[in-house]
Structures are given as structure tokens and as C-alpha cells.
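In: my questions are about this predicted structure, shown below with the sequence.
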Amino acid sequence: MINSIKILLAEDEPSLGQIIKESLETRNFEVDLCINGQIALEHYHSNTPDILVLDVMMPLKDGFTVAKEIRQSNSQIPIIFLTAKSQVKDVVHGFNIGGNDYLKKPFSMEELIVRIEALLQRNTDTNTLIQIGAYTFDNTKQILFHDDTSVTLTHRESDLLYHLFQSKNKVLERGYILNKLWGNDDFFNARSMDVFISKLRKKLKKDPKIKILNIRGVGYKLII
């Protein structure tokens, strides 16, 4: 891992925040630890980090609010949420406002490091315009174009559509994509993925030839 990678970590529990900070620093990351969302937002504007790791429940500004404000001016910086919340609607909300990933507490440091490195690698990949039926998909900017109209996708919608396209007209196995994008294939994450599949279907409905089929017990298939 490159030594100059800067992580902005927002965690209001002092002992946990220090443990995460020290563990990341042993991997040669530079870590700026903030004890609440307001301080995190101020440090973001003054320190230009490469990735954000935000606790959801924080005083002054919660992690969702911080991410939403940052996404107004920066659509590219990777954001990971740390959350004790277990409701699908909470996780979906986090993705909808611009989160790239989340970890449910408690989590292992190795898992957090793997998620960070995966997002940093994905953020440096070169992406091109992709033709999906009557749509043009800009995976870098997360935009779907159709004729003279466009719709902006969330990070999670964009990632999911990209992988569906990579396996177009073939079955994308449910367990594979859950482990790759959500981190594991438990029931909770499976429900979350179903929500995003429904959202993609609605955003692709202007081309009736495009279908995302549910192959029961196996996965999904993008038909173009």
C-alpha cells in the first residue's frame, strides 16, 4: 500500500477510534482521527484525504450527514460507514446518499483494511462508457444517459450495474456479488441487494428490451 494514502476517520468512541487509528498506521496509512461529524467535515476541507471512514452515530453531525454534504462537491472520494444499525433501510439510505461500503460493528481490523484497499483500487481503475441497450452508462461519473436525458446512480447502483453488465446474458451468482460488494452473503445483505435491483429496473425501464431477471436460488441475469 502506498505510504501517502490519507484516511479521515470519524469515530466518537475514543478507545475504538484510537485502536482503529493505530492499526491502520501500522499499515502505513496516514490517519486523521476526528471525534465527531462537525470536526470531520472541517478536517475534510483542510486536509484533502483519499478515503473517509465514518461512524454513523456521532454527535453534532452524524456520518450520513457528513457524507451527504461531502457528496455535494465530491462524487469520487470513497466512503465507508461504520454502523451498529441492522435495518436494511438504514444501509440502503447510506448507499443512496453516496456511501461505497459499510461495516457492521463489531468488525475485525483485517476486514476494514481489505475494504479500504479494495475501494482505493477500484477508485483508480480506468472506466469507459458502456452501451447498455438504448442507454449509455458512464461508470466513472455514475450516470445513465438515454436520448437527451440522464439519471445519476448511487455508488452501489453503479457498482451493481457494472457487474451485471460484465456478466450480461449470463447469470451473475448471488453469493459472488454479495461477497464482492456487500462483504458477505447473509440474509440482511441479500435483502439490501434486492432493493437495489428494483431501483435499477426502474431506471432502465425506458428500454423495454432490457431486463434484469431473478433466477431463483441462483442470482440475476441482465438481458440486453
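Out: Cool, the structure landed. Numbering: from 1, shown residues only.

In: helices of this protein, start to end?
Out: Counting by DSSP state H, the chain has helices at residues 14-25, 37-47, 63-71, 88-96, 109-124, 155-166, 174-177, 187-203.

In: switch those helices over to a markdown table; also include mean neighbour count and distance to Lys6.
Out: From N, CA and C alone the C-beta is placed, and that goes for glycine too. Shown next, in a markdown table, are those (neighbours: other C-beta atoms under 10 Å; distance: least, C-beta to C-beta, whole Å):
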| stretch | mean neighbour count | distance to Lys6 |
| --- | --- | --- |
| helix 14-25 | 15 | 11 |
| helix 37-47 | 17 | 7 |
| helix 63-71 | 21 | 14 |
| helix 88-96 | 19 | 22 |
| helix 109-124 | 15 | 11 |
| helix 155-166 | 20 | 20 |
| helix 174-177 | 16 | 30 |
| helix 187-203 | 16 | 29 |
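
In: reformat the ones you listed as CSV; add distance to Leu82 and mean pLDDT.
Out: Listed next are those as CSV, based on distance: least, C-beta to C-beta, whole Å; pLDDT from 0 to 100:
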stretch, distance to Leu82, mean pLDDT
helix 14-25, 8, 95
helix 37-47, 12, 95
helix 63-71, 7, 95
helix 88-96, 11, 84
helix 109-124, 8, 84
helix 155-166, 17, 91
helix 174-177, 23, 93
helix 187-203, 16, 93
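
In: which residues touch the spatially closest residue to His163 that is not a sequence neighbour?
Out: Nearest residue to His163, sequence neighbours excluded (C-beta to C-beta, 6 or more residues apart in numbering): Ile177, at 5.7 Å. Contact analysis of Ile177 by C-beta atoms under 8 Å, 6 or more residues apart in numbering lists Leu160, His163, Met193, Gly219, Tyr220.

In: make it 10 Å
Out: Asp159, Leu160, His163, Leu164, Ser167, Asp185, Asn189, Met193, Gly219, Tyr220 (C-beta atoms under 10 Å, 6 or more residues apart in numbering).

In: and the furthest pair within the residues you listed?
Out: Ser167 and Asn189 (18.8 Å; C-beta to C-beta).

In: show me the domain layout of this protein.
Out: 6-124, 129-223 (automatic domain parsing).

In: ok, Lys180 - contacts?
Out: By C-beta under 10 Å, 6+ apart, Lys180 lies in contact with Ala118, Asp159, Leu160, His163, Leu172.

In: distance check, Lys141 against Thr152.
Out: According to C-beta to C-beta, to the nearest Å, Lys141 and Thr152 sit 8 Å apart.

In: pick out the residue nearest the middle of the protein.
Out: For the chain, the residue nearest the mean C-alpha position is Asn100 (1.3 Å; C-alpha atoms, centre = their mean).

In: pretty sure it contacts Leu54?
Out: No. If you go by C-beta atoms under 10 Å, Asn100 and Leu54 don't touch, sitting 11.0 Å apart.

In: now list whatever residues contact both of these two.
Out: Ala67, Ile79, Ile80, Phe81, Gly94.
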